[in-house]
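Q: build me a model:
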Amino acid sequence: MAEIGVLGTGTWGTALTRMLALNGHKVTCWSAIGEEIDQMSSTHTHRNLPGMVIPEEVAFSKDIGSVCLGRDLILFAVPSVFVRSTARRAAPFIPAGQILADVAKGIEAESLLTMSEVIKEEIPHARIAALSGPTHAEEVAKDLPTTIVSASRDQAVAEKVQEIFSNPVMRVYTNSDVLGVELGGALKNIIALASGISAGLGYGDNTKAALITRGLAEIKRLGCKMGCHPETFSGLAGMGDLIVTATSIHSRNNRCGFLIGQGCDPEEAVKQVGMVVEGINAIPAAMELSRKYEVELPIIEAVDQVIHHGKSPREAVRELMGRDLKTELELLTQASEAAEHENI
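A: Next comes the predicted model:
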């Protein structure tokens, strides 16, 4: 049995809390929102996960220090925009060598750091893993078979997190390409917005498949330029997470995009979703990374134009379809050209 502290009581953090408790671990949860702690402590339910019951053994606290001290693992499960402030708040209570697992998916707009990098900057003495993959809270809360990736450059940390989270309905893989895992988890939310917008416009499965496939190509192109391992983007944290987020009824990003495609302005769409839409939070960092690494991200740029610059979704689609014609085998073509040049 492990002693686990969970920071954040959103749907994902709460679904994992339930699962970890059923795994036999002792779990204590904290939230910056006192009303959430009071409600969950008294009812052992979550308002956005109807039908799910949190085991009575789970404890709740408004004191972040008590949730961080004496733990085998601390789980960061707050929205990406609150990761830095939460890490800063928790830092005084976290001992050297403490294992942390982060499940937030995003890139900080100002620093262009991933969430594990943000935590490491605030808590440099911790040992950190990123957990990412095709994992909707609504399905984990029902014990439906799910797979996820534990990513850390410290193999012992990745394997410890793998051991704690694994059970008959949760299969955990390890991966040392932390940046690739986190980049895939952040950018797929933007592609899911695009997929939702296309559905809201009345486009079909052909369009959705094109957006998912070419969206993955964009993420991989940027990731490889940043030094990530290409295989990561064919795995659970790349292709897997993108597929589930861009197609599922549970996806906030997909739902938000659908509302925008139907004519809602982005701010109203977010309000109707009623929860954090991480794809919108990730757009500024994605655009800055595109400029910094000189990598074209046409689908992501189109979503940025719709969300932040008032472009109509139909016009954005027309522009995407009207781009210069290209080959799908970009890297192979570049290698062939290089080989031909060497033979001249």
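
Q: who does Ala129 bridge with?
A: Here Ala129 sits in beta bridges with Ala101, going by DSSP bridges.

Q: same thing with Gly5?
A: Thr28, Ile74.

Q: who's in contact with it?
A: 27-30, 67-68, 71, 73-75 (Cβ atoms under 8 Å, 6 or more residues apart in numbering). Glycine gets a C-beta too; all of them are placed from N, C-alpha and C.

Q: considering these, which is situated nearest to Phe60?
A: Within these, proximity to Phe60 (Cβ to Cβ) peaks at Cys29, which comes in at 5.1 Å.

Q: would you state the strands of the stretch 1-150 of the chain in chain order?
A: 3-7, 26-30, 59-61, 73-76, 99-102, 127-132, 146-151 (DSSP state E, counting those that start in this stretch).

Q: redo these as CSV? Include mean pLDDT.
A: Below are those laid out as CSV (pLDDT from 0 to 100):
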stretch, mean pLDDT
strand 3-7, 98
strand 26-30, 98
strand 59-61, 97
strand 73-76, 98
strand 99-102, 98
strand 127-132, 98
strand 146-151, 98
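
Q: got the ones you listed as CSV, with distance to Lys311 columns?
A: Shown next, in CSV, are the strands of the stretch 1-150 of the chain (distance: least, Cβ to Cβ, whole Å):
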stretch, distance to Lys311
strand 3-7, 38
strand 26-30, 41
strand 59-61, 44
strand 73-76, 35
strand 99-102, 33
strand 127-132, 30
strand 146-151, 35
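
Q: of the ones you listed, which is nearest Ala192?
A: strand 127-132 (14.2 Å).

Q: give me the contacts around stretch 270-286.
A: By Cβ under 8 Å, 6+ apart, stretch 270-286 touches 10-11, 48, 79-81, 105-109, 112, 186-187, 189-190, 192-193, 252-253, 255-257, 259, 264, 266, 269, 297, 300, 303-304, 307-308.

Q: right, and the strands of the stretch 1-150 of the chain - which one's nearest Ser42?
A: In terms of Cβ to Cβ, the element of the strands of the stretch 1-150 of the chain nearest to Ser42 is strand 59-61, at 9.2 Å.
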